[in-house]
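Enquirer: quick check, what structure comes out for this input:
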Amino acid sequence: MLLSGVNYTNAITETGEIIHKPATPEVIDEMEILCKEIQDSRLHPLITAAKAHYNMVRIHPFDDGNGRGARILMNLILIKNAYPPAIIRMTERRLYLNTLSQADKGDLKPFYSFIANSLIKTQELILENLKV
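Expert: Numbering: from 1, shown residues only. Here you go, the predicted structure:
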């Protein structure tokens, strides 16, 4: 399993001292389930990637960087399946967060659409920059 053996997460105290604290068993279990779902997925790679992104943000396994980590995970899944990464622009941050909020309420379709549109825009940007 990708995360087996992971027992600790880093934490930083108010004084800036780095300490280690145990990850809860629920977080470890949820991350193992997430990894298995990614490996066993028969969904379209875009849906697998977006779903993995959402679930990693939902699980929130780290004290910091969960959103960045989730976007990296999503893009690794896309790249592994011969797609470019989906760039999420700062100008679309509000929409990104809104669709994540809708997903928290059980409606993942707006988030999937947002990621699909981000992927299309990234592909268009790549093609535009390849023109000589």
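Enquirer: tell me the SS of residue 107?
Expert: When the structure is reduced to helix, strand and coil (DSSP: H, G, I helix; E, B strand; the rest coil), residue 107 reads as coil.
Enquirer: quick one: the helices in the chain?
Expert: Applying DSSP state H to the chain gives helices spanning 25-40, 45-59, 66-80, 93-104, 109-130.
Enquirer: what's the closest of these to residue 87?
Expert: Across the helices of the chain, the minimum distance to residue 87, taken as C-beta to C-beta, is reached by helix 109-130, at 4.6 Å. Using the backbone N, CA and C atoms, a C-beta is placed for each residue, glycine as well.
Enquirer: now do the buried residues in stretch 110-120.
Expert: Neighbour counts using 16 or more other C-beta atoms under 10 Å place 111, 112, 114, 115, 118, 119 of stretch 110-120 among the buried residues.
Enquirer: distance of the third one from residue 74?
Expert: In this case it means residue 114. 12 Å (C-beta to C-beta, to the nearest Å).
Enquirer: ditto for the second one
Expert: Between residue 112 and residue 74 the distance is 11 Å, computed by C-beta to C-beta.
Enquirer: on that earlier part again, please identify which of the buried residues of stretch 110-120 is nearest to residue 90.
Expert: Checking the buried residues of stretch 110-120 against residue 90 by C-beta to C-beta gives residue 118 as the nearest, at 12.2 Å.
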